[in-house]
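Participant: Below is the structure, and that's it, no one-letter string:
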Ligand SMILES: C[S@@+](CC[C@H](N)C(=O)[O-])C[C@H]1O[C@@H](n2cnc3c(N)ncnc32)[C@H](O)[C@@H]1O
């Protein structure tokens, strides 16, 4: 009954939106626009194709009025070491919101840090992979995308490393919001400068870089038989080389890997996938 009520409210919003857009946009184009929007907390993010640019303000206002949201943004690029997004405001207020997903609260400031809706399945999976009291290092924790599910649902101990002070400050807030202070140790550092006096059961490498130094650092910190969750981007056609590169780096250090899991997470750019590869290190 309650769930039904939520669906009714959602249906009503979508119906109102369609009615508004219909005044200026064809049914086919409405379908395309409806497919491309994402909602993060109280903020709607639109991808507006070139051919609809002159209707941007009209489309933005239609979403704003129908959804009663705080802000409507136009999706831009994400760039640099800190993965800072560039979203243009179309209408509304600020860039700070709290997004609830899988029972976890993520406070986010979209003028400073990214939130990738497409990684939802991976965030949920991270809540299922670890055991209570496992020792985990999240080398690129951001605002806690993976740290929060690992510590909340896995009940694991997570060392969350983050170099960008803006992301780190949100990480601190998110640890408190989700009442995980006892299980997460946040550190505002370059992960290469972290020198723990323990070895981890599990390491999360949620940052795209082919630079060997990050994998070598993870090898220094993982225990024998520990698991690494390695994220990267992969052109569709070169998948077989992916595992070989990692194997080569491990073998130079006298280590071997045991593959556990491989999955395409989402399309990153045309012809390029964001992938995750889990492997045990021996
Ligand atoms: C791409 S974001 C994390 C994305 C996230 N895994 C997701 O699923 O949406 C990567 C994070 O790594 C941080 N970072 C980059 N280089 C770092 C380093 N050397 N040490 C620690 N954090 C770093 C960035 O500031 C950013 O917050």
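Facilitator: In hand now; what should we look at? As the structure is a computational prediction, the values presented were derived from the model and not from experiment. Residues are numbered from 1 along each chain as shown.
Participant: What separation do you get for the residue positioned nearest the centre of the chain and the ligand?
Facilitator: Geometric centre of the chain, nearest residue: residue 116, 4.1 Å, by CA atoms, centre = their mean. When distance is defined by CB to the nearest ligand atom, to the nearest Å, residue 116 is 4 Å away from the ligand. No exception for glycine: its C-beta is placed from N, CA and C like everyone else's.
Participant: same thing with residue 226?
Facilitator: According to CB to the nearest ligand atom, residue 226 stands 19 Å off from the ligand.
Participant: Which secondary structure element is home to the residue nearest to that residue when sequence neighbours are not counted?
Facilitator: Nearest residue to residue 226, sequence neighbours excluded (CB to CB, 6 or more residues apart in numbering): residue 201, at 5.3 Å. Using DSSP states H and E, residue 201 sits in strand 200-205.
Participant: could you point out which element follows that strand?
Facilitator: Sequence order places helix 212-221 as the next helix or strand after strand 200-205, per DSSP H and E.
Participant: Packing partners of that next one?
Facilitator: Counting contacts by 3 or more CB pairs under 8 Å, 6 or more residues apart in numbering; DSSP states H and E, helix 212-221 is packed against strand 200-205, helix 239-252.
Participant: so which of those is the most packed in?
Facilitator: Mean neighbour count (mean count of other CB atoms under 10 Å) peaks for strand 200-205 among these, with a mean of 24.
Participant: Give me the contact list for it.
Facilitator: Contact with strand 200-205 is made by 126, 129-130, 134-141, 146-147, 150, 156, 159, 214-215, 218, 221-223, 226-231, as judged by CB atoms under 8 Å, 6 or more residues apart in numbering.
Participant: Spatially nearest residue to the residue in the stretch 1-150 of the chain that the ligand sits nearest to (excluding sequence neighbours)?
Facilitator: With CB to the nearest ligand atom as the measure, residue 140 is the residue of the stretch 1-150 of the chain nearest to the ligand, at 3.2 Å. Excluding its sequence neighbours, the residue lying closest to residue 140 (CB to CB, 6+ apart) is residue 207, at 3.8 Å.
Participant: so what's that neighbour scoring on pLDDT?
Facilitator: pLDDT, residue 207: 93.
Participant: Run through this structure and note the low-pLDDT ranges.
Facilitator: The chain contains residues with pLDDT under 70 at 1-7, 9, 239-241.
Participant: what does it have sitting close to the ligand?
Facilitator: 81-83, 116, 119, 140, 142, 145, 161-164, 167, 190-192, 206-207 (CB under 6 Å from any ligand atom).
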